[in-house]
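Participant: sequence and predicted structure are below.
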Amino acid sequence: MKKVLFILACLTLLWGCQSIDQLSIDYLLPAEMSFPNQLRKVAVVNNMAEEAPITLNSHFTDKPDVNSRLQFQKTQYLLGESNTTTEALAQALADGDYFDMVIICDSALRAGKPEKRPHTLTTEEVNTLTEQLGADFLIAIENVELRVEQQASPNVYFGMFVANSDVKVSPTVRVYLPHQSPRTAITKVDSIFWQGFGQEINEAIHDLPNQQRVIKEASLYAGEFIAKSFVPYWETANRLYFTNGSVAMRDAVVSLKEDNWEEAVRLWEKTFNETKNNKKKMYASYNLALGYEMLEKIEDAIDWATKAQQYAMQAKEAEIAQLAGVYLQQLNERKQSYASVKMQMQRFEEEF
């Protein structure tokens, strides 16, 4: 994205006669795991031990604490709240509207159990739980690990002390099907971040959230982001387009803003077919790539983005060629994920 923004800045400086605008689009990405159509009722259960093992220090290199009048640094390893993560995961799965029913059992299954008890659920336990909960299968929260790194130092730009709290959130979940062996555990890592400010270093540190809030919000986030492993999810991305160059190009922008993509595509194709100027063909073909993407015709969008790059090279417009190359990469990524999304959404018997 930084590359795209840099290119956009260059274009703004170089072309006063041709304007660029952008819009946000939402598109569906596939879940990492696909489920057979018959698995329609899922129960999310809390299978985390009261004192689950912390293994984050095997994944991340710790840094020594540094304490002085002008600098502070500290790293902690904490356990998340398994019931909060369980509830957040169940809510995210329900919001995904992918399964017919999402059932939650956030009370700890391992509460008060001896540590010798196997960490994974037994086949008998899975069979009993799925029957009692009326579920086709289980998704179990088995661990939530947090690595909290805090640091503070003077910031010349702000003219004050700035403190940061960067939390690596690492939930572990496992899928259980009745009468089958447990699936391999899924562990994901993501980050959540806070900043604090103050005229003195202690003031900046105290402006950061306390440990209780960090654990609560990080545990909530753990359930939200790991849900992407199990249900297709929406992604928001920015797209660029050229706004003038001909009457038809300007009229197409009006259609675009009215969400009439068929008419916008017609007008851009009119511009492309009627001009012999490589630059105008370059602008029109780039916009046509966007139009066909919005019409969910990804192959056509790739063809037009390729043409935009070729015409940019012929016109010796290196920045536009680079811009088209970035867009072409984005479209190819969408093409790769589109087949998976379509397969996963077949249970709804709809076209995507």
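Facilitator: The structure has been received and is ready for your questions. Numbering: from 1, shown residues only.

Participant: for the residue nearest to Tyr27 when sequence neighbours are not counted, which three-state class applies?
Facilitator: When the adjacent residues along the chain are set aside, Tyr27 lies closest to Glu235, with 5.9 Å between them (Cβ to Cβ, 6 or more residues apart in numbering). Every C-beta, even on glycine, is put in place using the N, C-alpha and C of the backbone. Secondary structure assignment for Glu235 (DSSP: H, G, I helix; E, B strand; the rest coil): strand.

Participant: what about Glu235, neighbour count?
Facilitator: Glu235 sits with 12 neighbouring residues when counted by other Cβ atoms under 10 Å.

Participant: pretty sure it contacts Asp26?
Facilitator: Yes. With contact defined as Cβ atoms under 8 Å, Glu235 and Asp26 form a contacting pair (7.0 Å).

Participant: pLDDT score for the residue nearest to Tyr27?
Facilitator: Per-residue confidence (pLDDT) for Glu235: 89.

Participant: before we move on, what about the one 10 residues further on?
Facilitator: pLDDT recorded at Gly245 is 76.

Participant: now name the helix or strand holding it.
Facilitator: Gly245 is part of no helix or strand, with elements assigned from DSSP states H and E.

Participant: ok, the residue nearest to Tyr27 to Ile25 distance?
Facilitator: 9 Å (Cβ to Cβ, to the nearest Å).

Participant: okay, now the residue lying closest to Thr123 once chain neighbours are set aside: neighbour count?
Facilitator: Nearest non-adjacent residue to Thr123, counting by Cβ to Cβ, 6+ apart: His179, 6.6 Å away. For His179, the neighbour count with other Cβ under 10 Å is 8.

Participant: same check, this time on Glu203
Facilitator: If we define neighbours as other Cβ under 10 Å, then Glu203 has 15 of them.

Participant: and Gln329, by the same measure?
Facilitator: 11.

Participant: quick one, longest strand in the chain?
Facilitator: strand 137-155 (DSSP state E).

Participant: what packs against that one?
Facilitator: strand 41-46, strand 72-79, helix 82-95, helix 123-133, strand 160-176, helix 201-206, helix 211-226 (3 or more Cβ pairs under 8 Å, 6 or more residues apart in numbering; DSSP states H and E).

Participant: for the record, mean pLDDT for the last one?
Facilitator: Think helix 211-226. 96.

Participant: residue closest to the middle of this protein?
Facilitator: Glu235 (6.4 Å; Cα atoms, centre = their mean).

Participant: state the distance from that one to Arg334.
Facilitator: For Glu235, the distance to Arg334 - Cβ to Cβ - is 10 Å.

Participant: identify the contacts common to these two.
Facilitator: Tyr27 (Cβ atoms under 8 Å, 6 or more residues apart in numbering).

Participant: and the helices in the stretch 201-350 of the chain, which stretches?
Facilitator: 201-206, 211-226, 247-257, 261-274, 278-294, 298-314, 318-344 (DSSP state H, counting those that start in this stretch).

Participant: out of the ones you listed, deepest packed?
Facilitator: Greatest average neighbour count among the helices of the stretch 201-350 of the chain goes to helix 278-294 (a mean of 24), per mean count of other Cβ atoms under 10 Å.

Participant: that one to helix 318-344, inter-axis angle?
Facilitator: 20 degrees (axes from the mean of the first three to the mean of the last three Cα atoms, to 10 degrees).

Participant: which strands or helices does helix 278-294 pack on?
Facilitator: Contact here means 3+ Cβ pairs under 8 Å, 6+ apart; on that basis helix 278-294 packs against strand 233-242, helix 247-257, helix 261-274, helix 298-314, helix 318-344.

Participant: and the average pLDDT for the longest one is what?
Facilitator: Averaged over helix 318-344, pLDDT sits at 91.

Participant: could you name the helices and strands sitting against it?
Facilitator: Helix 318-344 packs on helix 2-14, strand 20-29, strand 233-242, helix 278-294, helix 298-314, going by 3+ Cβ pairs under 8 Å, 6+ apart.

Participant: the third one pairs with which strands, and in what direction?
Facilitator: Meaning strand 233-242. strand 20-29 (antiparallel) (DSSP bridges).

Participant: skipping adjacent residues, who's closest to Val265 in space?
Facilitator: In space, Val265 is closest to Gly291, 4.0 Å off (Cβ to Cβ, 6+ apart).

Participant: that neighbour: what's it in contact with?
Facilitator: Gly291 neighbours (Cβ under 8 Å, 6+ apart): Trp261, Ala264, Val265, Trp268, Ala301.

Participant: contacts only, for the third one.
Facilitator: Yep, that's Val265 we're talking about. Contacts of Val265 (Cβ under 8 Å, 6+ apart): Leu288, Gly291, Tyr292, Leu295.
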